[in-house]
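Engineer: Just to be clear, the model below is a prediction. Sequence and coordinates:
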Amino acid sequence: MEYQTFEISEFPLESGFVLPQARVAYQSYGRLNADKTNAVLLCSFYTGDHAGYDFLIGPDHCFDPNRYFVISTNLFCNGLSSSPSNTPAPLGRGAFPPVSIRDNVRAQHALVTQRYRLDTLAMVAGFSMGAQQAFQWAVSYPDMVERIAPWCGHAHTTPHTFVFLDGLEAALKTDAAWSDGYYTEPPRLGLRAMARVAAGWPFSQAWYRKELYKTLGYPTLHDFLIRFWEGFLLPHDANDLLGNIQTWKMHNVGSTPGFDGDYKKALGTIRKSWRKSADCQ
């Protein structure tokens with residue numbers, strides 16, 4: 001997988017820790033125009049990386065590199081950017097510090113302003129945790145972001161979502177092999193249990209009742225649970241998965257300084273597009 005990296009020395013986190021050498025992994029597509037007005041930031045999602053948006057990037061696709069300069073970034077803790085799995089001691093593995101969505105956004109801001117000297121972004125977009133980043137960008141940098149396109153995500157983690165995430169985390173940690181994050185072998189039983197918990201959330205009762213997993217090429221429910229869900233999670237590093245869960249669980253745009261935890265107040269500061277253009281319509 002091809003990608004580029006941007007490094008930030010002594011990067012402070014909201015948790016009070018400092019990453020001595022923070023790394024933001026990303027990939028770019030297309031070219032930046034002369035007046036630097038066609039840049040689009042595409043933010044990664046839980047368990048995903050920049051390649052997870054490949055089906056949306058291409059000529060005549062949603063993010064057309066013939067029209068836009070697309071910068072597709074990777075969350076901290078996703079295994080490509082700074083993560084428990086790739087950070088040296090003493091902050092690696094189970095000692096990797098909590099990272100917030102705002103930490104990610106600040107690092108991305110450093111990337112686009114320092115490496116590409118951008119003053120504006122035509123759009124910030126993303127799915128799930130990518131949507132969280134898009135909302136946060138619009139709140140943290142309202143004069144820089146012209147548009148956001150968040151989908152299947154929220155500006156603050158709701159109690160219902162927290163319960164879902166807490167269940168995933170608890171299932172993984174029940175495996176004794178997890179060893180508080182200092183495992184010598186992947187905690188496979190925990191990852192398999194996590195997969196079973198996850199399986200009940202994205203698809204509805206009706207979806208399972210109608211056996212629609214068969215349309216995806218899985219002849220039986222058991223086959224779907226093993227090959228799709230376990231096959232999906234087992235390749236991931238457990239600490240990376242837990243790190244992203246922590247980021248997701250604690251997110252609230254209302255925790256941005258000045259809003260006293262009120263996410264509606266924070267969202268109310270998002271400005272409407274201040275430069276009319278047909279480019280992103």
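Structural biologist: Here it is on my side, so go on.

Engineer: and the residue lying closest to residue 212 once chain neighbours are set aside, how many neighbours does it have?
Structural biologist: With C-beta to C-beta, 6 or more residues apart in numbering as the criterion, residue 212 has its nearest non-adjacent residue at 7.7 Å, and that residue is residue 203. In short, each C-beta sits where N, CA and C put it, glycine included. Residue 203 has 12 neighbouring residues, counting by other C-beta atoms under 10 Å.

Engineer: in what helix or strand does residue 203 lie?
Structural biologist: Using DSSP states H and E, residue 203 sits within no helix or strand.

Engineer: For the chain, which segments count as strands?
Structural biologist: Listed from the start of the chain, the chain has strands (DSSP state E) covering 4-12, 18-29, 39-43, 69-73, 123-127, 148-151.

Engineer: residue ranges with poor pLDDT in the stretch 1-150 of the chain?
Structural biologist: Within the stretch 1-150 of the chain, not a single segment meets pLDDT under 70.

Engineer: hmm, back to that, I'd like the strands of the chain as TSV, with distance to residue 87 appended.
Structural biologist: What follows is those, written out as TSV (distance: least, C-beta to C-beta, whole Å):
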stretch	distance to residue 87
strand 4-12	12
strand 18-29	8
strand 39-43	21
strand 69-73	18
strand 123-127	24
strand 148-151	28
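
Engineer: which one of those strands is the most hemmed in?
Structural biologist: strand 39-43 (a mean of 27; mean count of other C-beta atoms under 10 Å).

Engineer: Quick check: can you name the pairing partners of it and their directions?
Structural biologist: strand 69-73 (parallel), strand 123-127 (parallel) (DSSP bridges).

Engineer: Would you mind giving those as TSV with distance to residue 212 added?
Structural biologist: TSV is the format used below for the strands paired with strand 39-43 (distance: least, C-beta to C-beta, whole Å):
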stretch	distance to residue 212
strand 69-73	30
strand 123-127	21
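
Engineer: if you skip the residues just before and after it, what's nearest to the spatially most central residue of the chain?
Structural biologist: The centroid of the chain falls nearest to residue 45 when counting by C-alpha atoms, centre = their mean (3.2 Å). Ranked by C-beta to C-beta, 6+ apart and with sequence neighbours excluded, the top spatial neighbour of residue 45 is residue 128, at 4.1 Å.
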